[in-house]
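**Student:** sequence plus predicted model, see below.
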Amino acid sequence: MARIRMAQYGTGHGHAGGKLNSMLKHADIEVAGVFEPSADKAASVRQQPAYQDVHWFTSEQEMLGDDSIVAIASEGNNDESLPQTEAIINAGKHAWYDKPAGEDYPRWQGVVETARKSGLHIQLGYMLRYHPAFMQVATWARDGFLGNVFSIRAHMSTCIPPESQKKIAQHPGGIHFDLAGHMLDQIVWMLGRPQKVTSFLRSDTDDVPGFVDNSLVVYEFEQAMAVIDIAAMETRPMARRFEVYGTKGSAILLEPFEPGGRIRLALEVARDGYQEGEQLVEVEPMGRGETYDRELDAFLGVVLDGAAPDRGLDFELLVQETLLRGTGHLS
């Protein structure tokens, strides 16, 4: 018997179908249904395999007023997700919230504070948080194995059509607003809050005038710098990279970092079973669906079993604040 009833609010996020799939196949979850406030959007996704056999709520209140539903996946468009997550938390339900956490930082702070006072859990949908290669590099960086980390370089470009660009164009920062949170989740976990942020946010194609489709943001820390560059029009397959450099070693996730199964590790001296110099470290490759499953396992560990969250509410606030500093929303 399922241990928890969950629902999904919204279907517009790019991860929505994958997150629903993870809930549908999880042994501990009964999916109570999906609510999509846009009738046109609901009609467009109903034929997708994940949505064909689920219950569709006819109103927000039908879902939020159901006391048997303990948690809800927040999967609206970027311009919908923060008010929808606020409604979820105000209804007394835990939120599995797909990134980013909106543009209104004071409102996001208020949602987190309500969750904190109510004993509710919010987990942002940064799937690379649970990817084995990223987890290994983060462990090496945080425990001093690489020495003092002085540089991180992250490249996470994509290739999206004009119709998708138009959806993102309404947000200052454009493609950086949409994707950089995945990289910042890693960088802030390793280095903390940046002291200074310098952004280069450009529109370099004519597909959607004014859309930030080419971005580079520099995050400066006391003794380190991190650089994230993201464009919207890179030729497929994209050459996504994540590189961490320390005073005693470096670790580079070899592209593509999804599903990713190899790390180039270079060490000043041999230690912990690794040799001096360059070597390839094999880790478990993991596709997008599996990382969604890992996200959900972590979420349920907190909600059902009382485990401490991998990243607490203060951390989720910090990642969003750092993202909004980089996109010009916050000074």
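**Tutor:** Right, received. Where do you want to start? Residues are numbered from 1 along each chain as shown.

**Student:** would you list every one of the strands in this structure?
**Tutor:** Assigned by DSSP state E, the strands in the chain fall at 4-9, 29-35, 69-74, 94-97, 122-124, 149-155, 196-202, 214-220, 225-231, 241-246, 249-253, 262-267, 277-282.

**Student:** can you list the domains in the chain?
**Tutor:** Using automatic domain parsing, the domain parsing of the chain gives 4-125+291-310, 132-285.

**Student:** hmm, back to that, deepest of the strands of the chain, which one?
**Tutor:** strand 94-97 (a mean of 27; mean count of other C-beta atoms under 10 Å). Bear in mind the C-beta positions are built from the backbone N, C-alpha and C, glycine included.

**Student:** just checking, what packs against it?
**Tutor:** Under the contact criterion of 3 or more C-beta pairs under 8 Å, 6 or more residues apart in numbering; DSSP states H and E, strand 94-97 touches strand 69-74, helix 81-90, strand 122-124, helix 288-303.

**Student:** return the distance of that strand from the chain's centre.
**Tutor:** Relative to the mean C-alpha coordinate of its chain, strand 94-97 is positioned 13 Å out (C-alpha atoms, centre = their mean, to the nearest Å).

**Student:** for the record, mean pLDDT for it?
**Tutor:** When the per-residue pLDDT values of strand 94-97 are averaged, the result is 98.

**Student:** again with stretch 56-68
**Tutor:** If you average the pLDDT values across stretch 56-68, you get 98.

**Student:** same thing with stretch 103-120?
**Tutor:** When pLDDT is averaged over stretch 103-120, the result is 98.

**Student:** and what of stretch 187-199?
**Tutor:** 98.

**Student:** got the contact list for that stretch?
**Tutor:** 138, 141-142, 149, 152, 154, 173, 176, 215-222, 224, 226, 228, 244, 311, 315, 318-319, 321-322, 325-328 (C-beta atoms under 8 Å, 6 or more residues apart in numbering).

**Student:** quick one, the lengthiest helix in the chain and strand 241-246 angle?
**Tutor:** The helix spanning the most residues in the chain, taking DSSP state H as the definition, is helix 174-191. Comparing the axes of helix 174-191 and strand 241-246 via axes from the mean of the first three to the mean of the last three C-alpha atoms, to 10 degrees yields an angle of 30 degrees.

**Student:** between helix 174-191 and strand 214-220, how big is the angle?
**Tutor:** Computed by the same axes, to 10 degrees, the angle between helix 174-191 and strand 214-220 is 30 degrees.

**Student:** C-alpha coordinates for helix 174-191, CSV please?
**Tutor:** Once side chains and other backbone atoms are set aside, the C-alpha atoms of helix 174-191 remain, and they are given as CSV (Å, rounded to 0.1, in the frame of the first residue of the first chain):
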residue,chain,number,x,y,z
GLY,A,174,16.5,34.8,-20.3
ILE,A,175,18.3,31.5,-20.8
HIS,A,176,20.5,32.1,-17.7
PHE,A,177,17.4,32.6,-15.5
ASP,A,178,16.0,29.3,-16.9
LEU,A,179,19.1,27.0,-16.5
ALA,A,180,21.8,28.5,-14.3
GLY,A,181,20.2,27.3,-11.1
HIS,A,182,21.4,23.8,-11.8
MET,A,183,25.0,25.0,-11.9
LEU,A,184,24.6,27.4,-9.0
ASP,A,185,23.2,24.5,-6.9
GLN,A,186,26.6,22.9,-7.2
ILE,A,187,28.7,26.0,-7.0
VAL,A,188,27.0,27.5,-3.9
TRP,A,189,27.2,24.1,-2.2
MET,A,190,31.0,24.1,-2.7
LEU,A,191,31.8,27.8,-2.2
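
**Student:** check the gap between the residue nearest the centre of the chain and Leu313 for me.
**Tutor:** With distances taken as C-alpha atoms, centre = their mean, the residue of the chain nearest its centroid is Tyr126 (2.3 Å). When C-beta to C-beta, to the nearest Å is applied, the distance between Tyr126 and Leu313 equals 14 Å.

**Student:** and if you look at Leu216?
**Tutor:** Counting by C-beta to C-beta - Leu216 and Leu313 are separated by 30 Å.

**Student:** got a list of what His26 touches?
**Tutor:** The contact partners of His26, by C-beta under 8 Å, 6+ apart, come to Asp293, Leu296, Leu300.

**Student:** could you do Glu284 as well?
**Tutor:** Counting by C-beta under 8 Å, 6+ apart, the residues that Glu284 touches are Pro132, Gly261.

**Student:** contact partners of stretch 226-237?
**Tutor:** Taking contacts as C-beta under 8 Å, 6+ apart, the residues outside stretch 226-237 that touch it are 151-160, 165, 168, 174-176, 179-180, 183-184, 187, 191, 194, 204-205, 207, 211, 213-219, 256, 326.

**Student:** check stretch 294-308 too.
**Tutor:** Residues external to stretch 294-308 that are found in contact with it (C-beta under 8 Å, 6+ apart): 3-4, 19, 22-23, 26, 28-29, 70-71, 94, 96, 121, 123, 125-127, 129-131, 286, 309-310.

**Student:** from the chain's centroid, how far away is it?
**Tutor:** With C-alpha atoms, centre = their mean as the basis, the distance from the averaged C-alpha position of stretch 294-308 to the chain average is 16 Å.
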